[in-house]
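*Asks:* Starting from these lines, generate the structure:
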Amino acid sequence: MQLLNELERWLTETLPEVAADLNPGADAQTLEALQAMLPGAPLPPAFLSLYRWHDGQKMEVNSGPWYGLSFLPLDQVMQELKSWREVAESFSPLEWAEMNSGMSSTPQGYIKCEYSNPRWVPFACDWGGNYLGIDLDPDALGAPGQVINFGRDEARKIAVAPDLDAFLAWMLTELKAGNVNIREEEDGGRSFNTLRPEKYHFLDSLAVMFPAK
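*Replies:* This is a model prediction of the structure:
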């Protein structure tokens, strides 16, 4: 919880509107309902801690704590899992193979080269079909619970960190180093992105920060 509390302090001091938008922590029943959707793939302790800390956002502001990506509450996490499973089932085996053929992993061998996977569990989203989440079905060199990008526009999947704690530590290091771009937007809200690289979507920033090898 130390890393999560550090992030909350940073948000309270720097983006108080985002800190105020966080929900109370999730209850055990809701976490159990999510686990029931993932038989044989136990949710990592760091993921459980994340949602005991806060069950996502109220979505009353346009920015989120993950460099602007929204923090999904568990009911929405479960809805996204259900929706993506329905998408996968709508394709024929040949169509699915064609979809998978355009996918890649950075580093190679860490993430299965698939368009989607029922054990990719999102915790952050851009509301355009793209996510940051944990991978409970890694490829041969990956680690269960590794943090990855995936979604409609994310053909190159990136293993950003081996687990959520490592991701939080990485992000806090970036924030403390001043890698922050907060902008006043025309709607009166504030956006939150990386300064290095200066992109306007965190998943685009990750593509630069973790180049293909």
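*Asks:* quick one: the strands in this protein?
*Replies:* Ranges of strands within the chain are 70-71, 104-106, 120-125, 130-135, 146-151, 156-161, 181-184, 190-193, based on DSSP state E.
*Asks:* Put together CSV for those strands, with mean neighbour count and mean pLDDT on each row.
*Replies:* Every C-beta, even on glycine, is put in place using the N, C-alpha and C of the backbone. As requested, the strands of the chain are exported to CSV (neighbours: other CB atoms under 10 Å; pLDDT from 0 to 100):
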stretch, mean neighbour count, mean pLDDT
strand 70-71, 23, 98
strand 104-106, 17, 98
strand 120-125, 23, 98
strand 130-135, 24, 98
strand 146-151, 25, 98
strand 156-161, 21, 98
strand 181-184, 13, 96
strand 190-193, 19, 96
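*Asks:* would you turn those into CSV with distance to residue 97?
*Replies:* Below are the strands of the chain laid out as CSV (distance: least, CB to CB, whole Å):
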stretch, distance to residue 97
strand 70-71, 32
strand 104-106, 15
strand 120-125, 18
strand 130-135, 21
strand 146-151, 18
strand 156-161, 17
strand 181-184, 40
strand 190-193, 36
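*Asks:* Distance of the most far-flung residue of the chain relative to its centre relative to residue 116?
*Replies:* In the chain, counting by CA atoms, centre = their mean, residue 94 sits farthest out from the average C-alpha position, at 28.9 Å. As for residue 94, its distance to residue 116 is 17 Å (criterion: CB to CB, to the nearest Å).
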